[in-house]
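Trainee: what would the 3D arrangement of this be:
(chains A and B)
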There are 2 protein chains.
Amino acid sequence: MPDMDNLFEKLDAELAPGQEKRLNIDDISLKGEVLPGEPVDFSHGDVDAFEPVPGSLESFSHGFSEVGATQAYTVYRGREDILQDVAAKLADFASTSIDPENELIITPGTQGALFLAAGAMISRGDKVAIVEPDYYANRKLVHFFQGELYPVGLDYLNRAGGAGINLHELEAGFKEGVSTFIFSNPNNPSGVVYSREEIIEIGKLVKEYDVKVIVDELYSRQVFDERPFTHLSSLDAVPEENIITIIGPSKTESLSGFRLGVAYGSKGTIDRMEQLQAIVSLRAAGYNQIVLKNWFNEPENWMRDRISAHQDIRDTLLQMFRKAGFEVRTPEAGSYIFPRIKDLSISCDDFVKVLKKQANVTVTPGTQFGPNFTDCVRLNFSQDKEKAVDAAERIIKVASYYKKGN
Amino acid sequence: MPDMDNLFEKLDAELAPGQEKRLNIDDISLKGEVLPGEPVDFSHGDVDAFEPVPGSLESFSHGFSEVGATQAYTVYRGREDILQDVAAKLADFASTSIDPENELIITPGTQGALFLAAGAMISRGDKVAIVEPDYYANRKLVHFFQGELYPVGLDYLNRAGGAGINLHELEAGFKEGVSTFIFSNPNNPSGVVYSREEIIEIGKLVKEYDVKVIVDELYSRQVFDERPFTHLSSLDAVPEENIITIIGPSKTESLSGFRLGVAYGSKGTIDRMEQLQAIVSLRAAGYNQIVLKNWFNEPENWMRDRISAHQDIRDTLLQMFRKAGFEVRTPEAGSYIFPRIKDLSISCDDFVKVLKKQANVTVTPGTQFGPNFTDCVRLNFSQDKEKAVDAAERIIKVASYYKKGN
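Mentor: Numbering: from 1, shown residues only, chains lettered A, B, ... in the order given. Down below sits the predicted model:
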């Protein structure tokens, strides 16, 4: 049992995004005044402010009422006609080819896809490279499957023209026997997009050292300033059998309440993911799967308008935080900013609790994305703009109460 | 990697219920004539024949349109007001007490609950008792979490007045250090209900040897002939910290397409299950959770009528199979029958493929429920009665073509 206690300590979800309602903040003592205001939850996007893709509920109802039994009980990887539709749309989007029968699986959210892909690739003692900072669950998945973490730095604050991955560290890891590499592009939490050169170089290393890769492209549809985006799966040089790409409609498309994600790539890995799904949750909810038909089928200009509305909120918040002395990179994609609050006298874990108690604002502590990000917080800015601006002002004020020396 | 290959061999889902659409039957050669007829899939219930609980789609729509963002993003264990509602209803049903804040979690189907409970309890090398026959995923879960199987016999064919669990074997296992015991009640696939005496005895052993138990009561609402049913969690003598009970609305209530299940019991285990859910799939789909409000809230007589309609189909099929010489126990609950087809010249795995190719009928092979059930098949009789009777006739005919000596 000590092994198990140790594992669950590493899986601790107390400060994970979405769990703040269960957070105990009774014992936190405050400095400065309590700041009233409308509650804002920056731990995830607000699907009331940015509504789901039009027609989603209608598709669901159609699945329930008209399609019926065959929609309720699909094979574990998903219903055949939906796989065909999604494969065609994703192949077009990512400039690659996807065999719907063998190279694609529908999962309960992209979290489900990540879990299954990690479970299909990692076994006890395997070395797994991850990026720091990166999505908090990546390192937890490595712990769960008893792999060994090999962290690779991302110099996101200082490197222009790329994400800033340390390719020397990555190659050193591959040389030392890393068998799997997991990373998100665009990066969560920093919002940086990997440059074409970086992706090509990663592809070369993957091929040379025969490493398996899970690339999480959840935010790859919401790219600002028409910046070019390179899908690892589009590179001919990288063996298809080595790559699993993950994507879903939970973020930009605001369909998170349906829990839908997909993974595509290596046939062998997709087969194993389906075998795992059989014991994990059988399938993504049958009626929900049909909502994927609306994905990549949004009304004209819907995505363009959504991106520009997000860009506007992003720019407003960046300006506010920079004026207050926070260090923050301009995200090139997605809905996250990851400001560093300099000279804070308390840890970001405590700052998160203080913010919730004192200002009714929820953010995610930087430590969820890597142990060194003790002075950072992550905000999902897919929010009602007015409320978000108001809450950002409260964050800045509260931060001033907890500056070193105050 | 040989370890991993070995694991995935044990997880093989080729013949798992629901996967038959992907089954390769091209190479199977046939004896006797091909029997035309409407396709019937006995691997699961037909939710077109027995429709979902009234009001389910309306609840879902309400969650999507009216509740919105807070329904899409619930805490991982589920939305607070739904947990409260479900805890009250289940406590009443199972004559126990459930603290909604600490002792209950909503999961993606009962499969999700089983996976999380097993993951919270079993670690590498642990001895885990399971029953034979029992739900096919139980043994796969033990393999996945690297536990050691300790099978306990169920003499379901010959023991009247109880399920027929071999309590001596169970105690011997507990003496040898079994740390977790997983079983379904009513039993899947045989449909037997454990007697009060059996449940009390299991409770005593659990307490004496301090074993953790997962009891899967998925079918406990569909009990025939008003037979009394004893919930393990209702027994005061058994420490609450040792038990997790699993139940959900996927079967009798035909809500499988929503993927909803729950687990209740031990606070410590529920906490760990939520930590696992955070990396497995985050939560049961938010909008879907609200459909649990319709559960245990069915219109008057709805459940009574559903049970009697199933009892009628059960009795008709039992009579047909017995007349044909199949050995079969009368199920006391649930929608499964598990006939033994005597003197079959081929394995039940091949018989399943033959049935599909020759008679357009899908059943699940007995070997999914234990390695010794090579001459049994499982049928879910929650079907349109006329089609089911017609398909049962085809099963009997095909079986006659493959009798030993023919």
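Trainee: check what pLDDT whatever residue of the stretch 1-150 of chain A ends up closest to chain B gets.
Mentor: Per C-beta to the nearest C-beta, residue A:72 is where the stretch 1-150 of chain A lies closest to chain B, at 3.1 Å. The C-beta positions use only the backbone N, C-alpha and C, and glycine is treated the same way. For residue A:72, the model assigns a pLDDT of 91.
Trainee: residue B:256 is in contact with that one, correct?
Mentor: Yes. Assessed by C-beta atoms under 8 Å, residue A:72 is found in contact with residue B:256 at 5.2 Å.
Trainee: list residues touching both of those two?
Mentor: Among the neighbours of residue A:72, those also in contact with residue B:256 (C-beta atoms under 8 Å, 6 or more residues apart in numbering or on different chains) are A:286, B:47.
Trainee: phi, psi for residue A:210 please.
Mentor: phi 50, psi 50 (degrees, to the nearest 10).
Trainee: CA atoms only: put stretch A:318-332 into CSV for me.
Mentor: The C-alpha trace of stretch A:318-332 is given here as CSV (Å, rounded to 0.1, in the frame of the first residue of the first chain):
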residue,chain,number,x,y,z
LEU,A,318,-2.3,41.4,-21.6
GLN,A,319,-2.1,45.2,-21.5
MET,A,320,-3.6,45.3,-18.0
PHE,A,321,-1.2,42.7,-16.6
ARG,A,322,1.9,44.2,-18.3
LYS,A,323,1.0,47.6,-16.9
ALA,A,324,0.9,46.0,-13.5
GLY,A,325,4.4,44.5,-14.0
PHE,A,326,3.4,40.9,-14.6
GLU,A,327,5.6,39.1,-17.1
VAL,A,328,3.5,37.4,-19.8
ARG,A,329,4.0,36.1,-23.3
THR,A,330,1.4,37.0,-25.9
PRO,A,331,-0.3,33.7,-26.7
GLU,A,332,-0.3,32.9,-30.4
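Trainee: which other residues reach that stretch?
Mentor: Residues outside stretch A:318-332 that contact it (C-beta under 8 Å, 6+ apart): A:156-157, A:186, A:190-193, A:223-225, A:227, A:314, A:337-342, A:389, A:392-393, A:396, A:399-400.
Trainee: list buried residues within the residues you listed.
Mentor: For the contacts of stretch A:318-332, a burial check counting by 16 or more other C-beta atoms under 10 Å in any protein chain shown picks out A:156, A:186, A:190-193, A:223-224, A:314, A:337-341, A:392-393, A:396, A:399.
Trainee: looking at the stretch 201-350 of chain A, which residue is nearest chain B?
Mentor: residue A:257 (3.1 Å).
Trainee: ramachandran angles for that residue?
Mentor: Dihedral pair for residue A:257: phi -70, psi -10, per degrees, to the nearest 10.
Trainee: count the neighbours of it for me.
Mentor: By the criterion of other C-beta atoms under 10 Å in any protein chain shown, residue A:257 has 29 neighbours.
Trainee: contact partners for the residue lying closest to residue A:181 once chain neighbours are set aside?
Mentor: Nearest in space to residue A:181, with sequence neighbours left out and distances taken as C-beta to C-beta, 6 or more residues apart in numbering or on different chains, is residue A:129 at 4.3 Å. Listed by C-beta under 8 Å, 6+ apart, the contact partners of residue A:129 are A:150-152, A:170, A:173-174, A:178, A:180-182, A:211.
Trainee: same check on residue A:362?
Mentor: A:20, A:39-43, A:352, A:355-356.
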